[in-house]
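>>> Model the following, please.
(one chain, ligands or ions: 1)
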Amino acid sequence: MGGFDDDDLHDYENEDLGFDEDALNDDEYDQLYDALPKLKALAKNYQVDEKALKEILWSNYFSVEDSFEEVKQNYKREYDEYVWVVPDGERPMSKLELLAQQRRERTGLRGLRSEGREGLSGLLGRVKDTPKRERVRRPRPTETKQEEQTTAPKPDEQGVEEIQKPEETEPICLLPPLPSTTSFNILTTTPSSLISLLFVRPTEPPSPLPNISLYTNSDLAKKAAANFAKPGPDDRKVENLTEKVAKIKIKEPKPVASKPKQKINIDAELAKKNSKPNLSFVVIGHVDSGKSTLIGRLLYDLGIVDSKTLHKLTKESDAMGKSSFSLAWIMDQTQEERSRGVTVDICQTQIETPTQKFTIIDSPGHKDYVPQMINGVSQADLAVMNIDANSFESGFSNQGQTKEHLTIAKSLGIERCVVTINKLDVTQWSQTVYDAICDQIRQFLVDELAYDAANLVFVPTSGFLGDNVVKPSKNLSWYTGPTLMQVLEQENRAVSHVVDKKSPFVMVISDIQESSKNDELVISGRINSGIIQPGESVSISPSQEVAVVDSISITASSVGSSVIKHDLQKLAQEGEFVELKLKKLASCENIKIGDVVTLASNVLQPVKKFKCELNLFNIERPLLVGTPFVLFKNGISVPSRLSEIESIVTKDGRSKKRRHLSSNNKAVVVVELLERELPLLTVAQHHKLGRVVVRKDGLSIGAGKILELVA
Ligand SMILES: Nc1nc2c(ncn2[C@@H]2O[C@H](COP(=O)(O)OP(=O)(O)OP(=O)(O)O)[C@@H](O)[C@H]2O)c(=O)[nH]1
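Prediction:
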């Protein structure tokens with residue numbers, strides 16, 4: 001793969017890459033016209049034209065079976081009686097075939113095409129060749145190593161991999177070049193925005209975490225070599241990768257003293273913390289479904305927001321003509337959010353009941369703020385999908401965000417989901433409406449996203465009036481299940497797990513507060529794995545800055561009290577949202593949101609490329625090697641491109657070569673980050689941090705699991 005600059009990306013936007021019939025060599029022409037009638041016969045009941053069939057054959061290496069699979073996936077079937085099937089021998093000729101026939105008539109040549117027709121072999125596109133001239137055959141991915149060795153070019157045959165003598169000896173006369181085929185448009189009949197993901201249930205459990213091993217200098221090379229030592233189906237590629245991974249250079253961090261300030265009994269401290277399970281949940285859903293109001297109501301009814309505060313917010317919202325937003329303003333705190341009545345960024349708050357702890361993340365529902373919503377989901381264990389019962393269809397349609405949010409949540413490793421059917425006051429508390437919505441959402445979650453039905457809970461609510469949020473509702477007499485708060489307590493117990501204190505410490509920075517001192521900074525985020533104590537030294541990737549953790553604090557409110565407490569911690573553990581005060585930094589400027597903090601003894605090396613299993617949603621244009629997109633990871637976005645398509649994975653688990661990716665494909669690909677390196681973990685190292693979302697032109701087009709890091 002050669003270099004790729006910004007100009008290339010702009011060029012790509014206006015260019016149709018991929019199939020060009022004129023560029024086929026003779027061998028490919030033979031294969032195309034051998035396979036085309038067979039594919040046409042199979043696809044006769046599908047709304048697909050001949051040009052598209054040719055392109056599909058080309059992209060599937062002329063395999064009729066694979067091409068037909070692609071036709072079935074991407075093209076509508078039409079009723080037999082509407083299809084006028086012309087017998088092959090009588091059908092009108094395409095422009096290409098007409099030219100070929102003219103040529104045959106002039107040369108008297110016979111070709112190889114099956115079914116009694118003369119083939120195009122040796123005729124089209126090669127017309128400028130003289131009969132004596134040797135032809136070049138391009139390599140095919142299915143060719144074996146051995147074949148490559150026997151056909152390896154000699155030094156004086158640069159670029160020529162196999163020399164074929166022409167079989168025909170008759171003189172070939174020249175024809176004008178064929179008009180070029182320009183468009184590559186095989187997915188135009190695909191519904192444009194239906195989001196649907198073929199999700200394969202991960203084999204590893206969602207939590208607790210598998211052991212994460214962050215590699216030190218020599219570990220990395222050893223581990224990579226060991227991983228790749230076993231022979232695989234694609235040995236040659238694996239060997240190359242091993243070589244690349246082994247060459248990763250790891251910067252040695254500057255030595256910083258790493259000793260906890262205080263000697264504590266770690267097990268006792270962890271036992272104390274774990275006596276209260278801790279759940280982080282994100283509220284997602286279509287714009288205006290009532291997410292902020294629902295959270296505001298929860299906080300108010302738990303006594304965390306007092307009447308005085310709510311009264312003040314009601315007066316302020318009244319003054320702005322937005323009185324219905326008073327509860328929402330508990331979470332929507334910025335001027336922009338309040339004046340527009342729309343949540344713009346995530347807002348997070350921690351609360352503590354007598355028996356449990358919760359982190360609540362409010363996310364934006366507007367389609368322009370999906371990146372912020374992705375950030376919120378990546379910090380949560382559980383999603384609460386909030387549905388507006390009064391306008392369910394607009395949120396659930398392909399233009400709405402309900403399906404997109406659910407798809408992203410599942411792709412980012414959220415295995416449990418609570419669905420609140422909200423604003424039921426507007427539907428006169430109708431059970432029929434509630435049941436119908438539950439059925440549709442359940443079907444989507446189970447059938448399309450492969451959620452386990454046992455991990456889904458449905459709750460009817462009115463956030464505005466407070467029905468069934470914390471207090472049971474008198475209006476919902478037909479509902480006998482738990483309130484939303486009771487469901488959250490059940491879920492907290494279900495997801496809680498014992499933290500492995502030996503897991504390496506990893507934390508993604510979600511916020512930074514500057515300090516008046518040059519070598520100090522306060523960073524906050526959720527601890528993704530392991531434990532940390534004041535006094536220990538940390539490394540921050542990608543800059544590899546090192547610092548000492550001076551103090552650790554947690555900010556939370558207790559149920560029944562509106563006082564917000566900032567508690568200093570002797571130790572912090574996985575799952576907690578913390579503020580770390582860092583000292584002795586050589587430079588604060590290099591530290592950014594999305595950076596990854598590890599212990600200084602476990603440096604995480606940033607990379608520019610990674611291999612990943614990419615699950616595509618419904619997309620309008622095929623993805624080809626070189627296609628640019630934006631990668632979302634750790635709360636930041638990075639311009640990237642598809643660097644290599646290794647294979648696509650069929651529904652029955654077989655892998656196939658393919659030159660492009662289309663809707664709902666699952667593929668193993670290599671992604672290249674274009675502007676900066678990122679510190680990444682594979683999905684085997686961390687179930688959640690090893691996942692990415694990709695977007696293009698403002699739409700989420702797919703999600704991936706990182707399989708390997710490539711230098
Ligand atoms: N009738 C009724 N109205 C509600 C309910 N919940 C919220 N609303 C109203 O719906 C509007 C939007 O509420 P928000 O809480 O801002 O909605 P949101 O989902 O947080 O909005 P975004 O974050 O911008 O997507 C406000 O006018 C609320 O008063 C409810 O249960 N019943």
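
>>> C-alpha only now, for contacts and for neighbours.
OK.

>>> which parts of the stretch 201-350 of the chain sit against the ligand?
Counting by CA under 6 Å from any ligand atom, the residues of the stretch 201-350 of the chain close to the ligand are 286-293, 324-325, 328, 341-343.

>>> and the chain, what are its domains?
6-74, 275-494, 506-599, 606-709 (automatic domain parsing).

>>> what's the closest residue to residue 647 other than its chain neighbours in contact with, if anything?
Leaving aside its sequence neighbours, residue 647 sits nearest to residue 657 (CA to CA, 6 or more residues apart in numbering; 4.7 Å). Residues near residue 657 by CA atoms under 8 Å, 6 or more residues apart in numbering: 60, 61, 141, 646, 647, 648.

>>> Generate a PyMOL selection restricted to the buried entries among these.
Here is the PyMOL command that picks out the buried ones among the contacts of residue 657, judged by 16 or more other CA atoms under 10 Å:
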select buried, resi 60+61+646+647+648
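
>>> and the gap between the closest residue in space to residue 619 that isn't next to it in sequence and residue 307?
Once flanking residues are discounted, residue 619 sits nearest to residue 663: 5.2 Å by CA to CA, 6+ apart. When CA to CA, to the nearest Å is the yardstick, residue 663 and residue 307 sit 51 Å from each other.

>>> out of these two, which sits in the busier spot?
residue 663 (28 against 13; other CA atoms under 10 Å).

>>> Quick check: that one touching residue 614?
No. Contact criterion CA atoms under 8 Å: residue 663 and residue 614 do not qualify, at 11.4 Å.

>>> Hmm, which of the contacts of residue 657 is lowest in pLDDT?
Ranked by pLDDT, the contacts of residue 657 bottom out at residue 141 (33).

>>> in the protein, which helix has the most residues?
Counting by DSSP state H, the longest helix found in the chain is helix 26-42.

>>> Show me what that one packs onto, helices and strands only.
helix 50-59, helix 64-74 (3 or more CA pairs under 8 Å, 6 or more residues apart in numbering; DSSP states H and E).

>>> Where do the helices of the stretch 501-650 of the chain begin and end?
Assigned helices in the stretch 501-650 of the chain: none (criterion: DSSP state H, counting those that start in this stretch).

>>> For residue 392, which non-adjacent residue is closest in space?
Using CA to CA, 6+ apart, the closest residue to residue 392 is residue 437 (7.5 Å).

>>> no, scratch that, I was asking about residue 496
In space, residue 496 is closest to residue 277, 5.7 Å off (CA to CA, 6+ apart).

>>> Residue 372 now?
Once flanking residues are discounted, residue 372 sits nearest to residue 345: 5.7 Å by CA to CA, 6+ apart.

>>> what do you get for residue 423?
residue 462 (4.7 Å).

>>> Per-residue pLDDT of the closest residue to residue 660 other than its chain neighbours, please?
Leaving aside its sequence neighbours, residue 660 sits nearest to residue 624 (CA to CA, 6+ apart; 4.7 Å). Predicted confidence (pLDDT) for residue 624: 93.

>>> Residue 624 and the ligand: what is the separation?
Distance from residue 624 to the ligand, counting by CA to the nearest ligand atom, to the nearest Å: 34 Å.

>>> Isn't that residue up against residue 658?
No. Look at residue 624 against residue 658 with CA under 8 Å: they stay out of range, at 9.7 Å.

>>> Quick one: neighbours of residue 324, just the number.
Neighbours of residue 324 (other CA under 10 Å): 14.

>>> try the one 10 residues further on
Residues contacting residue 334 under the criterion other CA under 10 Å number 12.

>>> for residue 308, same thing?
9.

>>> Would you mind giving me the confidence score for the closest residue to residue 341 other than its chain neighbours?
Sequence neighbours aside, residue 325 is the residue nearest to residue 341 in space, at 7.4 Å (criterion: CA to CA, 6+ apart). Note on residue 325: pLDDT of 89.

>>> Residue of the stretch 451-600 of the chain nearest the ligand, please.
Closest to the ligand within the stretch 451-600 of the chain is residue 462: 3.5 Å, counting by CA to the nearest ligand atom.

>>> what's downstream of whatever helix or strand residue 435 lives in, the next helix or strand?
Per DSSP states H and E, residue 435 falls inside helix 431-443. Of the helices and strands lying after helix 431-443 in sequence (DSSP H and E), the nearest is strand 456-460.

>>> for the next helix or strand after that following strand, packing partners?
Next along the chain after strand 456-460, taking DSSP H and E as the criterion, comes helix 484-495. In terms of contacts (3+ CA pairs under 8 Å, 6+ apart), helix 484-495 is packed against strand 278-284.

>>> And the strand it packs on, what does it pack against?
By 3+ CA pairs under 8 Å, 6+ apart, strand 278-284 packs against strand 357-362, helix 370-377, strand 382-388, helix 484-495.

>>> picking up where we left off before, surely the residue of the stretch 451-600 of the chain closest to the ligand is in contact with residue 425?
Yes. Between residue 462 and residue 425 there is a contact at 6.1 Å, judged by CA under 8 Å.

>>> sorry, back to before: now the residue nearest to residue 660: how far from residue 645?
Distance from residue 624 to residue 645, by CA to CA: 8 Å.

>>> how many neighbours does residue 267 have?
Neighbours of residue 267 under the rule other CA under 10 Å: 10.

>>> List the neighbours of the host helix or strand of it that are in contact with it.
Under DSSP H and E, the secondary-structure element containing residue 267 is helix 266-274. With CA under 8 Å, 6+ apart as the test, helix 266-274 has contacts from 498, 571, 573.

>>> Report the buried members of those residues.
571, 573.

>>> Same list (the contacts of helix 266-274) but as a markdown table, adding pLDDT.
Shown next, in a markdown table, are the contacts of helix 266-274 (pLDDT from 0 to 100):
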| residue | pLDDT |
| --- | --- |
| 498 | 77 |
| 571 | 94 |
| 573 | 94 |
